[in-house]
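Participant: structure for this input, please:
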Amino acid sequence: RVPVQSKRQCWCLVYVRNNVATTCPLAPSYVGVSCSSMQVTLFAGGLQRARACKNGRAPPLFNVCQPICRRTKAAAIRTLTAGSNVDGQNSRRPVVCAAIAEPGVEGNTVSTGPRLEPSDRVLKLWRKADAVCFDVDCTVTVNDSLDLLAEFMGCGDLVAEVTNKAMDGSMNLEQALEERLRIINCTPADIKRFIKAHPPSSRLVPGIEHLIKSLQARGIAVYLISGGFRELTLPIAKHLDVPRENVFANRMNWQWDDETGEPTRLVGFDMNEPTAHNQGKPTAIARIRQRNPYNTIIMIGDGITDLEAVQVTGGADLFIGFGGVVERPPVAAEADWYVYKYSQLIDTLRRYTVAMIGSGAWACAAMHIVGQNCAAYDVADEFVDDVRMWVYEEDYQGRKLTEVINTEHENPKYLPGIPLGTNTIADSDLLSAVKDADILIFCAPHQFIRSICKQLIGKIKPDAFAVSLIKGMRVRSDGPQLISQMITKYLNIDCSVLMGANIAGDIGREQLSEAVIGYTNLDHAKLLKKLFETKYFVVNLLPDVAGAEMCGTLKNIVALGAGMIDGLGLGPNSKATVMRQGLTEMRKFSKELYPTVRDETFFESCGVADLIATCYGGRNRFVAMEYTKAAQSGSPRTFEELEVELLKGQKLQGVLTSNEVQEILKQRSWEQQYPLFTTVNRIINGYFPPADIVNFSEVPLRPIPTEEEEEISGIVNPSRPRPLATAENTGGLR
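Facilitator: Next up is the predicted model:
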């Protein structure tokens, strides 16, 4: 008798028989310690050939009193198994083992019952599965197909007895299959009548269809691996939308009639299928691995042959036992996780909480999509239904804007008439809106993002990631910084970008639109595609964050020039000339700053498509057009005045971006290399009239009067901002 606290070693007995290992019932009281807190070192009594296990390869032979491994009980049992080959022969003799127990070794336990709650390791594997393999009988279906067929044929009791022997390991698998088929002795016509009498929908375990659809919607491959027969399994696979090539099962052999050419009599089964032999399921999984680049494969089943899938090198990474139809104690005891309802698995699949930072027109159009995809269209149940949206609090017709959004479920100030969904929750507290978020969507004016990021430092989940819908950049003394780079720098999280031809009103009205997600993390990008894509909003993935973001930023400068063309009343030829020159300068400038930018990016939605949409329907074009009309009429107005009057609180990004880009051009003496960018900037800052947009090739060559020269001449343009407006000098949040 040794106290649990003692560091001395103590003894208990482990009895291994028929692939099952249990501690001796008297061992806990005899040893005086709990078997739930022991690290086990096995010593073999007798000689057995080792079976390879997932954690390594044991020595070829186990000698009496020779230590073979120091692992958890489950791993040790996988290595030392009665029934493994001894000199090429199947051994069925029981093996008695002695085990030394070291009390209180953290992380090494001997389980005394089913693991009904997943450990952190198990949960992590389940959530990152690439493929899930299901046993069929008593796992996917509420009964054993062959037993049910036997019952249909009038020999159910005899076949059920053989099935139980196979499941508890007391009968060889090949023998069991052969014996069951011999008893049933069916014909192809019998099988057709059986399937008609017992359609797949009537045999499914509750919740299995929902689970499989959820897995498939997440892009997780589903396989059916059955010790039964393909003829009985394929109808079930078809009902569950599991491809035929994802089904592993035995095939019946038939004797064919020479005169009719039809199969008439059952004569056994095809021994070439992996499931026709012992360790057939791990063999099938090994084949799956050979054909597919899967990192993590899960096996779910109810029987010993399913448990075997994790006990062989190259098999499954995790075994989840299912006891909703039949509970088999040896399987329950050794499963990494044991469940009785499939809702337990569905509930533990990871679900992402989404938060929107911003509430302008584009943010609300995006919320219209995200709200739908998080609730009604979330087949995979990957996203939490409710989405919190941070709203800069302001009054709207005597009420708080957050109150209006939460009661009317739209933002009448910035995107009237477009529903945001009842699952959108407006929140004026930035930290409250993002505290539980796994995915952060940034969609606020770019001049405020730095201030927002500073507030969020240390306040978000460490494994969160972001996507920016913002078109703009920050100019610093040491060079430009994209918004995605700013978010990553301040918050230390991955940030993708969503860019494209995205006029907010059109998207809100569900007109056909498209965008790209520029990414560095493909897994994040795939999830974001699910979050944003709908039948009317097409999303493509692009491994070029800088290219996509630069396109979205620079096109607003070109749109100002296009608006000036419209304000002058010129036709499509003139606008096309400005747009072509603008696209050329966009590409050249982007590749100068970020040499890795891809040429093909400019032919994506974020490039030429966004440029066309913005130059014909964007707010920058509209305000520049009105600016030009006012100048032509002799009553000039500033961009600041027009922004307040025409955009009603929304921000004009083109002017800020133009000034930021021009600062870079000045620093690097590139002004004449980018004539359109330079001409637009000199016009919006009052150096030249809007009519000079058609002279963009020569405007950069003209001298610009200094402030001193203007003061001497007495000609000072009051519309020119002093100093140039950039994101650095426009202040923080309003």
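Participant: what about the helices in the stretch 451-600 of the chain?
Facilitator: Along the stretch 451-600 of the chain, the segments classed as helices by DSSP state H, counting those that start in this stretch run 483-491, 504-508, 522-532, 545-567, 572-593.
Participant: which among those helices is found nearest to Gly303?
Facilitator: helix 522-532 (33.6 Å; CB to CB). For the C-beta atoms, the positions are set from N, CA and C on the backbone; glycine is no exception.
Participant: tell me the helices and strands packed up against that closest one.
Facilitator: Judged by 3 or more CB pairs under 8 Å, 6 or more residues apart in numbering; DSSP states H and E, helix 522-532 is in contact with helix 361-374, strand 439-442, strand 495-499, strand 513-518, strand 537-542.
Participant: which of the ones you listed sits most buried?
Facilitator: strand 495-499 (a mean of 29; mean count of other CB atoms under 10 Å).
Participant: tell me the angle of it relative to helix 361-374?
Facilitator: Taking axes from the mean of the first three to the mean of the last three CA atoms, to 10 degrees, one finds strand 495-499 and helix 361-374 inclined to each other by 110 degrees.
Participant: got the CA coordinates for strand 495-499 in PDB?
Facilitator: Taking Å, rounded to 0.1, in the frame of the first residue of the first chain, the C-alpha atoms of strand 495-499 are listed here in PDB:
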ATOM      1  CA  CYS A 495      -5.200  41.300 -42.400                       C
ATOM      2  CA  SER A 496      -6.600  40.500 -45.900                       C
ATOM      3  CA  VAL A 497      -8.300  43.100 -48.100                       C
ATOM      4  CA  LEU A 498     -11.600  43.000 -50.100                       C
ATOM      5  CA  MET A 499     -11.400  45.200 -53.100                       C
END
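Participant: what about that strand, average pLDDT?
Facilitator: Strand 495-499 shows a mean pLDDT of 97 in the predicted model.
Participant: tell me, how many residues neighbour Leu158?
Facilitator: By the criterion of other CB atoms under 10 Å, Leu158 has 13 neighbours.
Participant: so how far is the helix or strand containing Leu345 off the chain centroid?
Facilitator: According to DSSP states H and E, Leu345 maps onto helix 343-348. With CA atoms, centre = their mean, to the nearest Å as the basis, helix 343-348 stands 17 Å off its chain's centre.
Participant: which strands and helices sit next to that helix?
Facilitator: helix 120-127, helix 208-217.
Participant: and the pLDDT for Leu583?
Facilitator: Confidence at Leu583, expressed as pLDDT, is 97.
Participant: so what's the residue nearest the centre of the chain up against?
Facilitator: In the chain, the centroid-proximal residue (CA atoms, centre = their mean) is Leu527; its distance is 3.8 Å. By CB atoms under 8 Å, 6 or more residues apart in numbering, the contact set of Leu527 is 352, 382, 439.
Participant: make JSON lines from the residues you listed and add distance to Asp478 to it.
Facilitator: Putting the contacts of Leu527 into JSON lines (distance: CB to CB, whole Å) gives the following:
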{"residue": "Tyr352", "distance to Asp478": "35"}
{"residue": "Glu382", "distance to Asp478": "40"}
{"residue": "Ile439", "distance to Asp478": "30"}
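Participant: for the residues you listed, point out the one with the lowest pLDDT.
Facilitator: Pick the lowest pLDDT in the contacts of Leu527 and you get Glu382, at 89.
Participant: off-centre distance for the helix or strand hosting Glu641?
Facilitator: For Glu641, the host element (DSSP H and E) is helix 639-647. Distance of helix 639-647 from the chain centroid (CA atoms, centre = their mean) equals 41 Å.
Participant: identify all contacting residues around it.
Facilitator: 619, 622-623, 626-627, 630, 650-652, 655, 684, 719, 721.
Participant: if we can go back for a sec, avg pLDDT for the helix holding Leu345?
Facilitator: Per-residue pLDDT over helix 343-348 has a mean of 92.
Participant: buried residues in it?
Facilitator: 344-345, 348 (16 or more other CB atoms under 10 Å).
Participant: for stretch 270-285, same thing?
Facilitator: For stretch 270-285, by 16+ other CB under 10 Å, it's 273-276, 279-285.
Participant: from those residues, which is closest to Gln481?
Facilitator: Distances from Gln481 to those, taken by CB to CB, are shortest for Ile285, at 47.8 Å.
Participant: I'd say that closest one and Gln279 touch.
Facilitator: No. In this structure, Ile285 is not within contact of Gln279 by CB atoms under 8 Å, at 10.3 Å.
Participant: pLDDT below threshold where in the stretch 1-150 of the chain?
Facilitator: When residues are selected by pLDDT under 70, those of the stretch 1-150 of the chain lie in 1-112.
Participant: Tyr414 is nearest to which of the helices of the stretch 451-600 of the chain?
Facilitator: helix 504-508 (8.5 Å).
Participant: using CSV, list the CA coordinates for the closest one.
Facilitator: Extracted in CSV, the C-alpha atoms of helix 504-508 (Å, rounded to 0.1, in the frame of the first residue of the first chain):
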residue,chain,number,x,y,z
ALA,A,504,-22.6,50.5,-52.1
GLY,A,505,-26.1,51.2,-53.4
ASP,A,506,-25.9,48.7,-56.2
ILE,A,507,-24.7,46.0,-53.8
GLY,A,508,-27.4,46.9,-51.3
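Participant: in it, which residues are buried?
Facilitator: In helix 504-508, counting by 16+ other CB under 10 Å, buried: 504, 506-508.
Participant: kindly reformat those as a markdown table containing pLDDT and distance to Ile449.
Facilitator: Shown next, in a markdown table, are these (pLDDT from 0 to 100; distance: CB to CB, whole Å):
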| residue | pLDDT | distance to Ile449 |
| --- | --- | --- |
| Ala504 | 91 | 19 |
| Asp506 | 93 | 25 |
| Ile507 | 95 | 22 |
| Gly508 | 94 | 23 |
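Participant: closest one of these to Leu181?
Facilitator: Nearest member of the buried residues of helix 504-508 to Leu181, counting by CB to CB, is Ile507, at 60.1 Å.
Participant: my guess is the closest one meets Glu514, correct?
Facilitator: No. Checked against CB under 8 Å, the pair Ile507 and Glu514 is beyond contact range at 10.2 Å.
Participant: what do those two both touch?
Facilitator: Phe537.
Participant: how far away is Phe229 from Trp254?
Facilitator: 12 Å (CB to CB, to the nearest Å).
Participant: and the helices and strands packed on helix 343-348, which is most packed in?
Facilitator: helix 208-217 (a mean of 18).
Participant: output that one as PDB - backbone C-alpha positions only.
Facilitator: What follows is helix 208-217, C-alpha atoms only, in PDB (Å, rounded to 0.1, in the frame of the first residue of the first chain):
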ATOM      1  CA  ILE A 208     -26.000  12.500 -39.000                       C
ATOM      2  CA  GLU A 209     -27.300  14.200 -42.100                       C
ATOM      3  CA  HIS A 210     -26.900  17.700 -40.500                       C
ATOM      4  CA  LEU A 211     -23.400  16.900 -39.400                       C
ATOM      5  CA  ILE A 212     -22.300  15.600 -42.800                       C
ATOM      6  CA  LYS A 213     -23.800  18.600 -44.600                       C
ATOM      7  CA  SER A 214     -22.100  20.900 -42.100                       C
ATOM      8  CA  LEU A 215     -18.700  19.200 -42.700                       C
ATOM      9  CA  GLN A 216     -19.200  19.300 -46.500                       C
ATOM     10  CA  ALA A 217     -20.200  23.000 -46.400                       C
END
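Participant: sweet, I'm off.
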